[in-house]
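*Asks:* Okay, here's the prediction I keep looking at, along with the sequence it came from:
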Amino acid sequence: MPDTEYGRRWDPAKTEKLRHPVVTLLPRRFFLGFLAVGGADYCLHLTIFPMDALGKFIGQVSDIGFTLTTAILGFLIAGISIFSTITWPEIFAALAKLDHKGSGISRL
């Protein structure tokens, strides 16, 4: 790749890729181990994980995941709206003039 006036460009072909980043390797191994033990428990009737406890655990994990996902999405939407109103005052003025249909309150 040619150099620019600001310096050398980043070439993705020259960078080394991590085969197994620690961030994804540990949760993957935990999940596969949990799946293997759970499958062996179900097939061999070992009762390591009682089905009612496993169902409660999966329900709690999915509830936490849904809550975190909606909270993070809310923060991202709020951040984008604050950033856009600060950087583009025209959007701020347009939202202040626009009323919500149901309540008559400004959308801002």
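*Replies:* Sure thing, it's come through.
*Asks:* immediately after the top helix by length along the chain, which helix or strand?
*Replies:* Ranked by residue count under DSSP state H, the longest helix found in the chain is helix 51-87. Using DSSP states H and E, the next helix or strand after helix 51-87 towards the C-terminus is helix 89-97.
*Asks:* thinking again about what came up before, how distant is the longest helix of the chain from the center of its chain?
*Replies:* 8 Å (C-alpha atoms, centre = their mean, to the nearest Å).
*Asks:* quick one: average pLDDT of it?
*Replies:* Over the span of helix 51-87, the pLDDT mean works out to 87.
*Asks:* tell me which residues of it are tucked away?
*Replies:* T85 (16 or more other C-beta atoms under 10 Å). Backbone N, C-alpha and C define where each C-beta goes, glycine included.
*Asks:* Taking helix 89-97 as reference, get the angle to it.
*Replies:* Relative orientation of helix 51-87 versus helix 89-97 (axes from the mean of the first three to the mean of the last three C-alpha atoms, to 10 degrees): 110 degrees.
*Asks:* In terms of secondary structure, what does helix 51-87 contact?
*Replies:* helix 89-97 (3 or more C-beta pairs under 8 Å, 6 or more residues apart in numbering; DSSP states H and E).
*Asks:* Check which helices and strands the helix it packs on sits against.
*Replies:* helix 51-87.
*Asks:* What average pLDDT does the strand or helix carrying G39 get?
*Replies:* In this assignment (DSSP H and E), G39 forms part of helix 22-44. For helix 22-44, mean pLDDT rounds to 78.
*Asks:* What are the contacting residues of that helix?
*Replies:* Residues from elsewhere that reach helix 22-44, judged by C-beta atoms under 8 Å, 6 or more residues apart in numbering: L46, T47, I48, F49, L54.
*Asks:* rerun at 6 Å
*Replies:* I48, F49 (C-beta atoms under 6 Å, 6 or more residues apart in numbering).
*Asks:* Can you give me the buried ones in that helix?
*Replies:* D41.
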